[in-house]
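Novice: Got a predicted model here, sequence first, then my questions.
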Amino acid sequence: MSPPVAPPGWSRWLVPPAALSVHLSIGQAYAWSVFKPPLESALGLTGTQSALPFQLAIVMLGLSAAFGGTLVERNGPRWAMTVALVCFSSGFLISALGAATEQYGLIVLGYGFVGGIGLGIGYISPVSTLIKWFPDRPGMATGIAIMGFGGGALIASPWSAQMLESFGADPSGIALAFLVHGLAYAVFMTLGVLLVRVPRAAEPAAGAGAGAPRGVQVSARSAVRTPQFWCLWVVLCTNVTAGIGILEKAAPMITDFFADSSTPVSVTAAAGFVALLSAANMAGRIGWSSSSDLIGRKNVYRVYLGVGALMYALIALFGDSSKPLFVLCALVILSFYGGGFATIPAYLKDLFGTYQVGAIHGRLLTAWSTAGVLGPLIVNWIADRQEEAGRHGASLYTLSLFIMIGLLAVGFVANELVRPVHARHHHVPAPREAADAARAQPQQPESA
């Protein structure tokens with residue numbers, strides 16, 4: 001499948017909606033918790049078992065992004081979006097069969113393994129294309145798309161809950177809900193497949209490198225051998241670990257913090273808190289990533305990691321004495337969590353160029369897979385041990401909060417160690433390769 005080249009006069013502002021159609025769809029992953037109670041009741045599962053499809057999906061997201069990133073760069077965004085569409089939708093259809101036949105293994109296979117591949121390929125599918133269309137605003141461009149992944153649950157959660165209420169929470173009702181999801185997301189993601197375009201290239205002049213991308217260019221293979229890549233891996237992993245630690249246990253955490261107060265938090269209020277965190281996650285993806293175009297990538301990560309550590313300290317020391325303080329600090333942390341995801345592609349572009357930035361981004365997302373296991377493990381394991389020791393309320397989380405502060409400090413140091421990539425890692429294209437690379441560069445981007 002050849003990458004579709006934009007015709008003359010094509011507006012670059014049509015590309016972010018194409019990316020959003022994919023990211024809003026795969027962002028359903030954050031709404032998996034809606035299916036957990038019905039699955040546990042209908043199939044007799046434990047909480048750990050019902051979480052397995054989501055956990056496997058996040059692991060496969062990182063692995064498929066890492067191993068498929070080079071293919072995405074080689075074959076273009078339309079190919080990648082098509083693969084994401086087929087895998088993500090097929091995952092729901094396989095899960096529907098599993099629910100209908102009460103074979104939980106099929107749900108794990110479908111949603112977790114097959115759907116997880118769709119998550120990873122879909123997540124990175126528009127990144128390098130957006131950066132090439134918006135060389136003047138790479139943070140804003142990737143923020144718009146990745147905002148969709150954070151906001152997908154805001155659509156999927158009430159939609160899924162309504163379907164389960166209408167169809168029933170028995171195996172057949174769950175199967176029908178999975179089926180509708182698979183078909184509806186296939187249609188919506190098709191819009192992105194049809195709409196996406198790569199920018200037209202200027203005619204390469206005679207001579208070596210005439211059409212090559214300008215500035216530093218580093219291949220994905222070389223990038224993983226640089227200290228800059230591993231510093232950013234640590235930065236992303238620590239920032240995500242800190243954010244997902246709150247996101248995964250948000251409702252019980254705020255309930256526990258104020259359980260002994262005169263105004264305990266109700267179930268409804270806790271659910272509202274989770275919705276606020278989702279909104280902060282989404283807003284941070286576009287707000288902070290756009291700000292990075294103005295203040296620089298390293299500076300915005302100083303904010304994520306430094307101010308994030310301060311927010312955690314405030315929660316640990318004073319969070320149980322003030323609900324507004326607790327909520328405000330948590331919202332800021334989640335905005336940093338989302339902003340970190342949206343800013344990292346532009347940070348990679350600044351360091352390694354546009355040559356194989358999608359493939360490099362895919363490899364870096366293994367940090368997300370690691371953090372997706374590490375963050376919930378830290379918070380839940382420590383809370384369980386503290387409860388066994390007879391503690392309750394905010395004291396269940398004090399130790400884990402200080403561990404998060406330490407991790408953010410490690411990330412802050414790693415960010416400070418980032419320097420320009422040494423010239424020995426730079427990619428120098430041959431004349432023919434340079435002409436091919438030029439096709440990925442816009443002739444004259446439409447003025448913003």
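Specialist: Alright, I've got the coordinates. Remember, it's a predicted structure, so these values are computed and weren't measured experimentally.

Novice: contacts and neighbour counts: CA atoms only from here.
Specialist: Will do.

Novice: got the buried residues for the host helix or strand of Ala51?
Specialist: Following DSSP states H and E, one finds Ala51 within helix 47-75. For helix 47-75, burial by neighbour count (16 or more other CA atoms under 10 Å) applies to 50-51, 53-70, 72-74.

Novice: Quick one: mean pLDDT over it.
Specialist: The average pLDDT for helix 47-75 rounds to 85.

Novice: Over to stretch 423-440?
Specialist: The average pLDDT within stretch 423-440 is 60.

Novice: re the thing from before, the helix holding Ala51 - contacts with which helices or strands?
Specialist: Secondary-structure packing of helix 47-75 (3 or more CA pairs under 8 Å, 6 or more residues apart in numbering; DSSP states H and E): helix 36-43, helix 115-124, helix 357-364, helix 366-388.

Novice: Please, where are all the helices along the stretch 251-400 of the chain?
Specialist: 267-295, 297-302, 308-318, 323-352, 357-364, 366-388, 398-416 (DSSP state H, counting those that start in this stretch).

Novice: right, so of those helices, which gets closest to Gly148?
Specialist: helix 267-295 (7.3 Å; CA to CA).

Novice: and the angle from the closest one to helix 323-352?
Specialist: With axes from the mean of the first three to the mean of the last three CA atoms, to 10 degrees defining the directions, helix 267-295 sits at 40 degrees from helix 323-352.

Novice: Ser128 is nearest to which of the helices of the stretch 251-400 of the chain?
Specialist: helix 357-364 (5.1 Å).

Novice: Quick one: distance of the closest one to the chain centre.
Specialist: 13 Å (CA atoms, centre = their mean, to the nearest Å).

Novice: ok, now which ones touch Ser21?
Specialist: 148, 188-189, 191-192 (CA atoms under 8 Å, 6 or more residues apart in numbering).

Novice: how far out from the middle of the chain is the helix or strand that contains it?
Specialist: Per DSSP H and E: Ser21 is located in helix 15-26. Counting by CA atoms, centre = their mean, helix 15-26 is centred 13 Å from the centre of its parent chain.

Novice: got the angle between it and helix 115-124?
Specialist: Counting by the same axes, to 10 degrees, helix 15-26 lies at 160 degrees to helix 115-124.

Novice: Quick one: mean pLDDT for helix 15-26?
Specialist: Mean per-residue pLDDT for helix 15-26: 92.

Novice: for stretch 292-303, same thing?
Specialist: If you average the pLDDT over stretch 292-303, you get 95.

Novice: Please apply the same query to stretch 327-340.
Specialist: For stretch 327-340, mean pLDDT rounds to 93.

Novice: nearest to Ala96, of the helices of the stretch 251-400 of the chain?
Specialist: Ala96 sits nearest to helix 366-388 of all these, at 25.5 Å, using CA to CA.

Novice: Poorly predicted segments of the stretch 151-300 of the chain, please.
Specialist: Across the stretch 151-300 of the chain, the ranges flagged by pLDDT under 70 are 201-214.

Novice: Go again with 80.
Specialist: Scanning the stretch 151-300 of the chain for pLDDT under 80 picks out the ranges 151, 153-154, 201-215, 245-251, 262, 267-268, 271, 274-275.

Novice: Measure how far stretch 172-179 is from the centre of its chain, please.
Specialist: The answer for stretch 172-179 is 26 Å, by CA atoms, centre = their mean.

Novice: wait, I meant stretch 337-352
Specialist: Per CA atoms, centre = their mean, the centroid offset for stretch 337-352 relative to its chain is 11 Å.

Novice: Mind pulling the model confidence for Gly308?
Specialist: Taking Gly308 on its own, its pLDDT is 95.

Novice: That one contacts Phe336, correct?
Specialist: Yes. Under the criterion of CA atoms under 8 Å, Gly308 makes contact with Phe336 at 7.3 Å.

Novice: for Ala169, helix, strand, or coil?
Specialist: Classification of Ala169 using DSSP: H, G, I helix; E, B strand; the rest coil returns coil.

Novice: now, of the helices and strands packed on helix 47-75, which is deepest in the fold?
Specialist: For the helices and strands packed on helix 47-75, ranked by mean neighbour count under the definition mean count of other CA atoms under 10 Å, the leader is helix 115-124 at a mean of 31.

Novice: Show me what it is packed against.
Specialist: Using 3+ CA pairs under 8 Å, 6+ apart, helix 115-124 is in contact with helix 15-26, helix 47-75, helix 77-100, helix 357-364.

Novice: Relative to Phe113, how far out is the nearest residue to Thr366 once chain neighbours are set aside?
Specialist: Spatial nearest neighbour of Thr366, excluding adjacent residues (CA to CA, 6 or more residues apart in numbering): Gly62 at 4.6 Å. Distance check for Gly62 against Phe113: by CA to CA, to the nearest Å, it reads 12 Å.

Novice: and what of Ile26?
Specialist: Using CA to CA, we find Ile26 at a distance of 14 Å from Phe113.

Novice: neighbour-wise, which of the two wins?
Specialist: Using other CA atoms under 10 Å as the criterion, Ile26 and Phe113 rank with Ile26 on top: 29 against 25.

Novice: Hmm, Cys87 and that one touching each other?
Specialist: No. The pair Ile26 / Cys87 is not scored as a contact, 10.7 Å apart, by CA under 8 Å.

Novice: which residues are in contact with both of the two?
Specialist: Taking CA under 8 Å, 6+ apart as the contact rule, the neighbours common to Ile26 and Cys87 are Gly118.

Novice: Going along the chain, name the helices of the stretch 101-250 of the chain.
Specialist: 104-107, 115-124, 127-133, 138-167, 171-195, 220-223, 227-247, 250-257.

Novice: hey, which of these is tucked in deepest?
Specialist: helix 115-124 (a mean of 31).

Novice: Just want the angle from that helix to helix 138-167.
Specialist: 150 degrees.

Novice: Helix 115-124 vs helix 77-100, what angle?
Specialist: If you take the same axes, to 10 degrees, helix 115-124 sits at 150 degrees to helix 77-100.

Novice: Before I go, just wanted to say thanks for your time.
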